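> heads up, no residue letters with this:
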Ligand SMILES: [Zn+2]
């Protein structure tokens, strides 16, 4: 049997943010300062709401408990996560505890988190990746409105993540016919948008990617990327080389087009300060990404990939 989980309602496309219907007396949860959240909320056209804007970036279970203790007795009709991953993660965890529906509105794009059953929170100071059906949104709103004013490098890193997730997800051994359909559509949409300078299509492509990979997995590209993340390279940036070399190693149908996109976006060669053999040992522990890779990966393979990344031999 195959199972695919997607939010009950997905609003996307032109003016999704202003056209979607929001329930009265919902609690909006955000990390954004009032100057910004006021602007977003007026664009939503929502009048009757409560606002909690004390969520900290990279939130912990303490942030979730803060929301619950402050609003349990105020009986909100729903929780709305308005912001990047942090705001959405808090709502993903808190809404089921309050037995309320959740609405996710990403103001950044790339991870596709608004479509997935993943939730990242800190417990005892340590980040944990959780995955449960109850983290899925009841409604999501995806609108390119929020891209306005986002620095170009952040946009590029984000679209690289979405493109990597779509193509790695497509090739994942955990995929099925339906996840491959979403991943393929996501890749085609993002490829067209990158090559033809239509960044306004990125959030939609990222959303499709989230549905696709979120119901299977990413693979070798993501496994390789974490040793670069450990040295401070942003996640999306590290995938520019890591997913390219992974697609080459796997003989993926996406290799040429992925590489074309990376060149168009202007990503540069990355160095690795860590010892390649030690880094490869670390990569090899990441079974969650390596086991679903379309072909088996040895430590020697990983070392070759890391050396090729360092040499720019992609
Ligand atoms: Zn990713």
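It's in. Treat the numbers as computed from the prediction; the structure is a model and nothing was measured. Numbers count the residues shown, from 1 in each chain.
> mind showing which ranges of the protein have poor pLDDT?
By pLDDT under 70, the chain has no low-scoring segment.
> tell me the domain boundaries of it?
9-147, 152-311 (automatic domain parsing).
> got the phi/psi numbers for residue 47?
phi -110, psi -50 (degrees, to the nearest 10).
> what does stretch 114-123 rub up against?
With contacts defined as C-beta atoms under 8 Å, 6 or more residues apart in numbering, stretch 114-123 is touched by 5-7, 10, 58-61, 63-64, 85, 88-90, 92-93, 104-106, 127-133, 135-137, 140, 142, 207, 210-211, 214. C-betas here are computed from N, CA, C, even on glycine.
> apply 6 Å and report the result again.
With C-beta atoms under 6 Å, 6 or more residues apart in numbering as the test, stretch 114-123 has contacts from 5, 60-61, 89, 92-93, 104, 106, 129-131, 133, 135-136, 140, 207, 210-211, 214.
> what residues sit buried inside it?
Under the neighbour-count criterion of 16 or more other C-beta atoms under 10 Å, stretch 114-123 has 114-122 buried.
> for this protein, what spans make up the helices?
Assigned by DSSP state H, the helices in the chain fall at 16-19, 34-44, 61-71, 85-98, 152-171, 177-195, 202-214, 220-229, 235-250, 255-265, 276-284, 287-290, 299-311.
> you'd agree residue 175 is up against residue 217?
No - between residue 175 and residue 217 there is no contact under C-beta atoms under 6 Å: 8.0 Å.
> the more surrounded of the two?
The residue with more neighbours, out of residue 175 and residue 217, is residue 175; 24 against 20, by other C-beta atoms under 10 Å.
> tell me how many other residues crowd the spatially closest residue to the more buried one that is not a sequence neighbour.
Leaving aside its sequence neighbours, residue 175 sits nearest to residue 216 (C-beta to C-beta, 6 or more residues apart in numbering; 4.1 Å). For residue 216, the number of neighbouring residues by other C-beta under 10 Å comes to 24.
> measure stretch 120-137 end to end?
End-to-end distance for stretch 120-137, by C-alpha to C-alpha, to the nearest Å: 15 Å.
> buried sites along it?
120-122, 135-137.
> then stretch 149-165?
Counting neighbours by 16+ other C-beta under 10 Å, stretch 149-165 gives 155-165 as buried.
> how far off centre is it?
Offset of stretch 149-165 from its chain centre (C-alpha atoms, centre = their mean, to the nearest Å): 10 Å.
> could you do stretch 73-93 as well?
Taking mean C-alpha positions (C-alpha atoms, centre = their mean), stretch 73-93 and its chain are 17 Å apart.
> same deal with stretch 157-166?
8 Å.
> residues touching that stretch, excluding its own?
With C-beta under 6 Å, 6+ apart, stretch 157-166 has contacts from 109-110, 183, 186-187, 190, 202, 205-206, 209, 212-213, 218, 221, 234, 236-237, 239-240, 243.
> how about 7 Å then?
With contact meaning C-beta atoms under 7 Å, 6 or more residues apart in numbering, stretch 157-166 is reached by 108-112, 183, 186-187, 190, 194, 202, 205-206, 209, 212-213, 218, 221, 234-237, 239-240, 243, 258, 261, 265.
> identify the contacts common to residue 175 and residue 217.
residue 169.
> roughly how far apart are the closest residue to residue 41 other than its chain neighbours and residue 67?
Using C-beta to C-beta, 6+ apart and skipping the chain neighbours, the partner closest in space to residue 41 is residue 28 (6.7 Å). According to C-beta to C-beta, to the nearest Å, residue 28 stands 11 Å off from residue 67.
> can you point out the buried residues in stretch 299-314?
Across stretch 299-314, burial judged by 16+ other C-beta under 10 Å covers 301-306, 308-309, 314.
> hang on, the earlier thing: buried deepest among the domains of the chain, which one?
Of the domains of the chain, the one with the most neighbours on average (mean count of other C-beta atoms under 10 Å) is domain 152-311, at a mean of 20.
> what sits against residue 136?
Contacts of residue 136 by C-beta under 7 Å, 6+ apart are 5, 7, 117.
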